[in-house]
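Asks: Sequence and computational prediction follow.
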Amino acid sequence: MSKRSWALVAATLVSIIYGVTFTIAKDVMPKYVDAFGFIVMRVGGSVLLFWLISFFGPKEKIAKEDFPRIVAAAFFGVAFNMLTFFKGLSYTSPIMGAVLMVTTPMIVLVLSAFIMKERMENRKVLGIILGLAGTITLILYGKSLVNATNASLGNLLVFVNAVSYGFYLIIVKKLMDKYNAFTFVKWIYTFGFLMVLPFGWNEFQAVDFANLPTDIFWKIGFVVVFSTFLTYLLNLVSMRELKPTTVAVFIYLQPLFATIFAVSLGKDDLSLVKLISAVLIFVGVYLVTQKKSTS
């Protein structure tokens, strides 16, 4: 297999892992571990793994002037991003959470236009409007009868998480250009851990580890090792060979895998509102990501 083929496989695996994570994390929260307590486990476990693997990576020194950018990346990419996502997912259903995450590429485009002054074409503006319409429909009317305690608030928080992640992607780009990823990711997660600790420490302490079922331990381990640590490593493999726009397209597979996994296990249901919202979002995403015709 060529390097490009390996990169495509890596990007697909990331989408499968993320798609499955929506349901697996939902099994843990909020019944056994509250959302913020779960984040302390996820970020804390990932910090240990990233520092451990950094000893085998290149030895680079980070310039002092780059630490504010790392702290900002930690806030938008770890702390605020995960706090809103996990709290939102504890209120909404796996399918709705996954569909809302597909808005991330559109959000990045809007932020790029404002922050990086990139010109926006009419086709992309139409795509953003359609995607936003689908997102708003899902947030307001995508009530779920299965596994969702407060769908509207949950959907809004997942959408806010997508905006936060969009900021993170723009902030982290300059770090990716300047350093090896292993050099700065350990610092991003270290600062992120310090940020989430005040919010999640009480919930973490409240976990009754002695009476946690074995399968819940395995699911917590899956989220820490696979959904956080491994997906980052696989993204590195894919980004080395593929353009960022190509890698971003794979986020559109997440709702597909999330839906297949959730429905097959009876963890969620399909409804007309969800399908219409998904179509609007996917059409919007398609218009946003199409290259300009050269003919």
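Replies: Cool, the structure landed.

Asks: Only C-alpha atoms from now on, for both contacts and neighbour counts.
Replies: Will do.

Asks: Helices along the stretch 101-250 of the chain, start to end?
Replies: 104-115, 122-141, 151-178, 181-205, 214-224, 231-241, 244-249 (DSSP state H, counting those that start in this stretch).

Asks: And those helices, which one averages the lowest pLDDT?
Replies: Note on the helices of the stretch 101-250 of the chain: lowest mean pLDDT is at helix 244-249, with a mean of 61.

Asks: Hmm, Val47 is touching Phe182, no?
Replies: No - using C-alpha atoms under 8 Å, Val47 is not in contact with Phe182; the gap is 11.7 Å.

Asks: So for Tyr91, which of the helices of the stretch 101-250 of the chain sits nearest?
Replies: helix 151-178 (4.6 Å; C-alpha to C-alpha).

Asks: from memory Gly45 sits against Phe226, does it?
Replies: No - the criterion here is C-alpha under 8 Å, and Gly45 misses it with Phe226 at 11.2 Å.

Asks: burial measure for the closest residue to Gly77 other than its chain neighbours, as a count.
Replies: Nearest residue to Gly77, sequence neighbours excluded (C-alpha to C-alpha, 6 or more residues apart in numbering): Tyr168, at 5.0 Å. Residues lying near Tyr168 (other C-alpha atoms under 10 Å) number 22.

Asks: Tyr168: what's it in contact with?
Replies: Contact analysis of Tyr168 by C-alpha atoms under 8 Å, 6 or more residues apart in numbering lists Ala72, Ala73, Phe76, Gly77.

Asks: Can you read off the pLDDT for the last one?
Replies: Here the pLDDT value assigned to Gly77 is 86.

Asks: same question, the second one
Replies: Reported pLDDT at Ala73 in the predicted model: 91.

Asks: and it, what element?
Replies: helix 67-74 (DSSP states H and E).

Asks: Please state the mean pLDDT value computed over the helix or strand following that helix.
Replies: Using DSSP H and E, the helix or strand that follows helix 67-74 in sequence is helix 80-91. Model confidence over helix 80-91, given as mean pLDDT, is 84.

Asks: about what we covered before: could you dump the contacts of Tyr168 to a markdown table with distance to Phe261 and neighbour count?
Replies: What follows is the contacts of Tyr168, written out as a markdown table (distance: C-alpha to C-alpha, whole Å; neighbours: other C-alpha atoms under 10 Å):
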| residue | distance to Phe261 | neighbour count |
| --- | --- | --- |
| Ala72 | 34 | 19 |
| Ala73 | 31 | 28 |
| Phe76 | 28 | 23 |
| Gly77 | 26 | 25 |
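
Asks: Next, give me the two most distant ones among these.
Replies: Across the contacts of Tyr168 (C-alpha to C-alpha), the longest gap, 8.1 Å, separates Ala72 and Gly77.

Asks: now the residue nearest to Gly77: how far from Asn235?
Replies: For Tyr168, the distance to Asn235 equals 15 Å [C-alpha to C-alpha, to the nearest Å].

Asks: re earlier: identify whichever of the helices of the stretch 101-250 of the chain lies nearest to Tyr18.
Replies: That would be helix 231-241 among the helices of the stretch 101-250 of the chain, by C-alpha to C-alpha, at 8.2 Å.

Asks: Mind giving me the packing neighbours of the closest one?
Replies: The contact analysis (3 or more C-alpha pairs under 8 Å, 6 or more residues apart in numbering; DSSP states H and E) places helix 231-241 against helix 3-28.

Asks: Now do the helix it packs on and helix 214-224, the angle between them.
Replies: Orientation of helix 3-28 against helix 214-224 (axes from the mean of the first three to the mean of the last three C-alpha atoms, to 10 degrees) gives an angle of 140 degrees.

Asks: residues of helix 3-28 that come out buried?
Replies: Neighbour counts over helix 3-28 (16 or more other C-alpha atoms under 10 Å) mark 7-8, 10-28 as buried.

Asks: and stretch 262-275, average pLDDT?
Replies: Stretch 262-275 comes out at a mean pLDDT of 75.
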